[in-house]
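> sequence and predicted model, in that order:
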Amino acid sequence: MIKVTRLNNMEFTVNADMIEFIETTPETILSLSSGRKVVVREPVDEVVRRIIEYRHRVLPVIKPVSN
């Protein structure tokens, strides 16, 4: 889950795994797998950064196997 901000400055949390794609028109629009679209204040790069940060926190670190 990542925190984002609606245009009315209300912060909310969205499931990062449900985001199918992100577009800029010039607002940032998150298109969810449910078909719902959400407009947020954060620029695309910031949303992507938060998704990457979220995945680093929740996914196990894969370490190379030594031979």
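Everything's here; your move. Numbers count the residues shown, from 1 in each chain.

> okay, CA-based contacts and neighbour counts for the rest of this
Fine.

> where are the low-confidence patches of the chain?
Scanning the chain for pLDDT under 70 picks out 61-67.

> do that again at 80, thanks
59-67 (pLDDT under 80).

> so which residues of the chain form strands?
Counting by DSSP state E, the chain has these strands, from start to end: 2-5, 11-14, 19-24, 28-32, 37-40.

> helices or strands up against the last one?
For strand 37-40, the packing partners by 3 or more CA pairs under 8 Å, 6 or more residues apart in numbering; DSSP states H and E come out as strand 28-32.

> let's go with 10 Å and repeat that
strand 2-5, strand 11-14, strand 19-24, strand 28-32 (3 or more CA pairs under 10 Å, 6 or more residues apart in numbering; DSSP states H and E).

> quick one: strands adjacent to that strand?
In the sheet, strand 37-40 lines up against strand 28-32 (antiparallel) (DSSP bridges).

> Ile52 is nearest to which of the strands of the chain?
strand 2-5 (10.0 Å; CA to CA).

> how about that closest one as PDB, C-alpha atoms only?
C-alpha atoms of strand 2-5 as PDB (Å, rounded to 0.1, in the frame of the first residue of the first chain):
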ATOM      1  CA  ILE A   2       1.200   3.500  -0.800                       C
ATOM      2  CA  LYS A   3       0.000   6.900   0.300                       C
ATOM      3  CA  VAL A   4      -1.100   9.400  -2.300                       C
ATOM      4  CA  THR A   5      -3.000  12.700  -2.200                       C
END
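
> give me the helices and strands touching that strand, please.
Counting contacts by 3+ CA pairs under 10 Å, 6+ apart, strand 2-5 packs against strand 11-14, strand 37-40, helix 44-58.
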